[in-house]
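A.B. asks: no sequence on this one, just coordinates:
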């Protein structure tokens with residue numbers, strides 16, 4: 001009896017054990033199947049935002065299963081964009097990529113790319129309209145994939161308005177924008193009056209009106225008459241809260257002290273132009289840039305001539321509808337090392353201090369063949385009870401230290417001053433830039449003791465990149481934008497200066513001008529939606545264009 005019972009018990013135990021083992025094996029097998037399925041599952045791309053014909057843009061890749069990694073810039077085995085038409089790739093490639101992706105965010109359901117470093121609007125690594133591109137994404141953890149999506153490169157909507165020259169205007173040399181998105185600018189040699197230099201017109205003040213259908217119309221606010229009325233307006237217009245425009249002319253006004261007149265300061269209000277000051281030579285002459293306005297309505301500007309080595313001036317409302325002109329500082333050239341020939345507009349800080357550059361001076365030695373001194377950065381501070389105190393913040397030393405700053409400085413959101421010089425080392429980045437030196441990008445940081453620390457942040461490379469003749473920089477969302485000659489077509493370029501962390505900066509031409517427009521002539525400006533605007537030469541009538549980049 002007992003042996004039979006033990007045998008039966010033993011058999012039942014074996015069955016139970018086998019059943020338990022079977023369940024465990026089934027669970028393990030199921031885990032293996034599920035794990036293998038998870039590894040084999042490719043990510044899915046549901047949409048890719050438009051890819052434009054330029055290097056700098058935001059490309060959003062939406063989907064699922066991308067994995068989650070920290071933001072990074074550089075090659076990744078998990079992403080690639082291929083220009084099938086042109087035959088190059090950006091991102092990961094087994095044999096090395098031609099263009100580097102700058103990825104700002106990588107989440108499981110969305111990847112954000114903001115730049116294809118090295119890709120131009122035209123050139124060797126080009127994104128041309130109607131090129132076929134393929135986006136490939138692998139899972140960042142498992143490398144399962146890739147998911148693929150294809151699209152055509154969309155054309156940049158660049159030419160918004162074709163200028164006629166006469167009777168309307170040439171492309172303005174500087175732009176400002178009102179709250180409605182309309183643009184204002186000055187054109188130096190255009191308009192209905194042909195009595196000025198070479199019979200090409202004495203200049204215009206124009207308003208560019210954005211229509212409801214997205215097109216643009218031009219409204220000529222004023223035609224300059226030359227002579228005592230002034231001619232050749234320059235710089236970026238100052239627009240006050242009431243919509244009045246303020247600016248300067250290089251020539252006209254007084255004809256006694258200067259060959260073509262010493263220039264004027266003017267206001268345009270309701271289509272009526274009023275001269276606020278006529279330069280006499282001794283109090284300033286030939287202003288080459290526009291002005292800035294403080295909260296009290298005072299206007300400040302520079303002239304490269306007048307006094308001994310140029311000056312800074314102020315126009316203050318006198319309460320009777322007019323303005324009182326005064327010179328607040330005369331430069332001394334190399335004698336006191338404080339600079340000479342200021343050409344750029346000034347910038348104001350919140351405390352009312354003025355900052356600017358001088359093209360030359362700062363030392364008594366020759367920086368190049370023609371100019372004594374390499375230029376300076378200066379500060380003018382108001383003194384309680386009246387007057388101003390001048391302080392040199394930096395003296396340029398030439399070659400690797402840069403020379404000849406000719407553009408306005410600009411603050412970032414942290415209160416650091418930035419600028420560019422037109423001259424720099426002739427050989428940099430392994431390139432011999434014979435005949436020109438493409439300059440450098442610099443920053444000035446305030447110290448606790450009131451002094452400023454200057455640092456060279458980047459040398460421009462020249463060649464097919466950013467070359468001579470810079471316009472003023474624009475600061476937008478942590479990135480600086482500028483225009484210059486050069487670019488892959490050698491017809492001019494829009495470039496960006498982007499911080500890379502640890503004091504490093506990168507420079508990239510985000511758009512190269514081509515056959516339909518060339519020679520960008522104004523700083524770029526952004527509207528409330530992030531669309532970039534500027535002016536350039538060329539166009540249908542060869543009088544310039546208003547362009548945009550979405």
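C.D. replies: Received, thanks. The model shown is predicted, which means the values in this text are computed figures rather than measured ones. Numbers count the residues shown, from 1 in each chain.

A.B. asks: center of the protein - which residue?
C.D. replies: Nearest to the geometric centre of the chain sits residue 481, at 0.7 Å (C-alpha atoms, centre = their mean).

A.B. asks: For that residue, which residues are in contact?
C.D. replies: The contact partners of residue 481, taken as C-beta atoms under 8 Å, 6 or more residues apart in numbering, are 473, 474, 475, 494, 495, 496, 497, 524, 532. C-betas here are computed from N, CA, C, even on glycine.

A.B. asks: which of these has the most neighbours?
C.D. replies: residue 494 (27 neighbours; other C-beta atoms under 10 Å).

A.B. asks: where does that residue sit relative to residue 546, distance-wise?
C.D. replies: Distance, residue 494 to residue 546, using C-beta to C-beta, to the nearest Å: 14 Å.

A.B. asks: returning to that earlier point: out of the contacts of residue 481, which one sits closest to residue 411?
C.D. replies: Nearest to residue 411 among these: residue 475, at 7.5 Å, using C-beta to C-beta.

A.B. asks: so what's the closest one up against?
C.D. replies: When contacts are counted by C-beta under 8 Å, 6+ apart, residue 475 touches 410, 411, 412, 413, 418, 481.

A.B. asks: just how off-centre is the helix or strand harbouring it within its chain?
C.D. replies: Secondary-structure assignment from DSSP states H and E places residue 475 in strand 474-476. From the chain centre to the centre of strand 474-476 is a distance of 6 Å (C-alpha atoms, centre = their mean, to the nearest Å).

A.B. asks: same thing with stretch 533-541?
C.D. replies: Put simply, stretch 533-541 sits 18 Å off its chain's centre (C-alpha atoms, centre = their mean).

A.B. asks: hmm, who's touching that stretch?
C.D. replies: Stretch 533-541 has contacts (C-beta under 8 Å, 6+ apart) with 159-160, 162-165, 171-173, 175, 177, 183, 185, 483, 492, 494, 513, 515-527, 544-548.

A.B. asks: Could you pick out the buried ones from those?
C.D. replies: For the contacts of stretch 533-541, a burial check counting by 16 or more other C-beta atoms under 10 Å picks out 159-160, 162-165, 171-173, 175, 177, 183, 185, 483, 492, 494, 513, 517-526, 544-548.

A.B. asks: So which of these belong to strands?
C.D. replies: 159-160, 162, 175, 177, 183, 185, 483, 494, 517-520, 525-526, 545-548 (DSSP state E).

A.B. asks: thinking again about what came up before, name the nearest of the contacts of residue 481 relative to residue 400.
C.D. replies: Nearest to residue 400 among those, counting by C-beta to C-beta, is residue 497 at 18.5 Å.

A.B. asks: can you pull the contacts of the closest one?
C.D. replies: When contacts are counted by C-beta under 8 Å, 6+ apart, residue 497 touches 441, 457, 458, 473, 479, 480, 481, 482, 505, 506, 507.

A.B. asks: And the second one, how far from residue 284?
C.D. replies: Spelled out, that is residue 457. Distance, residue 457 to residue 284, using C-beta to C-beta: 33 Å.

A.B. asks: which of these two has more neighbours?
C.D. replies: residue 284 (27 against 18).

A.B. asks: got the contact list for the more buried one?
C.D. replies: By C-beta under 8 Å, 6+ apart, residue 284 lies in contact with 262, 263, 303, 305, 306, 307, 310, 311, 313, 327.

A.B. asks: Name the nearest residue to the second one, ignoring sequence neighbours.
C.D. replies: Leaving out its chain neighbours, the residue that sits closest to residue 263 by C-beta to C-beta, 6 or more residues apart in numbering is residue 279, at 4.7 Å.

A.B. asks: My understanding was that that neighbour contacts residue 256; is that so?
C.D. replies: No. Residue 279 is beyond contact range of residue 256, at 11.2 Å (criterion: C-beta atoms under 8 Å).

A.B. asks: quick one, which of the two is more surrounded?
C.D. replies: Neighbour count, other C-beta under 10 Å: between residue 279 and residue 256, residue 279 has more, with 30 against 9.

A.B. asks: Roughly how far does that one sit from residue 539?
C.D. replies: Here residue 279 is placed at a distance of 33 Å from residue 539 (C-beta to C-beta).

A.B. asks: And residue 337, by the same measure?
C.D. replies: Using C-beta to C-beta, residue 337 is found at 45 Å from residue 539.

A.B. asks: List the buried residues for stretch 44-64?
C.D. replies: 45, 48, 51-57, 59, 61-63.

A.B. asks: do the same with stretch 209-217
C.D. replies: Neighbour-count burial for stretch 209-217 flags 210, 216 (criterion: 16+ other C-beta under 10 Å).

A.B. asks: tell me the mean pLDDT over stretch 252-260?
C.D. replies: Averaging pLDDT along stretch 252-260 yields 83.

A.B. asks: Please enumerate the strands of the stretch 101-250 of the chain.
C.D. replies: Here the stretch 101-250 of the chain has its strands, by DSSP state E, counting those that start in this stretch, at 110-117, 132-137, 147-152, 159-162, 175-177, 183-187, 204-210, 216-223, 231-239, 245-251.

A.B. asks: Ok, which of these comes nearest residue 344?
C.D. replies: For residue 344, the closest of the strands of the stretch 101-250 of the chain is strand 231-239, at 9.6 Å, according to C-beta to C-beta.

A.B. asks: What pairs with the closest one, parallel or antiparallel?
C.D. replies: When pairs are called by DSSP bridges, strand 231-239 turns out to pair with strand 245-251 (antiparallel).

A.B. asks: just the angle between the partner strand and strand 183-187, please?
C.D. replies: Here strand 245-251 runs at an angle of 10 degrees relative to strand 183-187 (axes from the mean of the first three to the mean of the last three C-alpha atoms, to 10 degrees).

A.B. asks: Pull the distance from strand 245-251 to the chain's centre.
C.D. replies: Taking C-alpha atoms, centre = their mean, the mean C-alpha location of strand 245-251 is offset from the chain mean by 25 Å.

A.B. asks: That strand versus strand 216-223: what angle between them?
C.D. replies: Angle between the axes of strand 245-251 and strand 216-223 is 60 degrees (criterion: the same axes, to 10 degrees).

A.B. asks: For the helix or strand following strand 245-251, which residues meet the burial criterion?
C.D. replies: In the C-terminal direction, the helix or strand that comes right after strand 245-251 (DSSP H and E) is strand 264-269. For strand 264-269, burial by neighbour count (16+ other C-beta under 10 Å) applies to 264, 265, 266, 267, 268.

A.B. asks: OK, contacts around the first one?
C.D. replies: It stands for residue 264. Residues near residue 264 by C-beta under 8 Å, 6+ apart: 229, 230, 248, 249, 252, 253, 275, 276, 277, 278, 279.

A.B. asks: What's the local residue count around the closest residue to the first one other than its chain neighbours?
C.D. replies: When you say that, I think you mean residue 229. Closest residue to residue 229 apart from its sequence neighbours, by C-beta to C-beta, 6+ apart: residue 252 at 6.2 Å. Residue 252 has 29 neighbours, counted by other C-beta under 10 Å.

A.B. asks: And residue 252, how far from residue 326?
C.D. replies: In terms of C-beta to C-beta, residue 252 sits 22 Å off from residue 326.

A.B. asks: dump the residue contacts of residue 416.
C.D. replies: Contacts for residue 416 (C-beta under 8 Å, 6+ apart) come out as 443, 444, 445, 446.

A.B. asks: Give me the buried subset of the residues you listed.
C.D. replies: 443, 444, 446.

A.B. asks: Out of the contacts of residue 475, the closest to residue 379 would be?
C.D. replies: Nearest to residue 379 among the contacts of residue 475, counting by C-beta to C-beta, is residue 411 at 12.6 Å.
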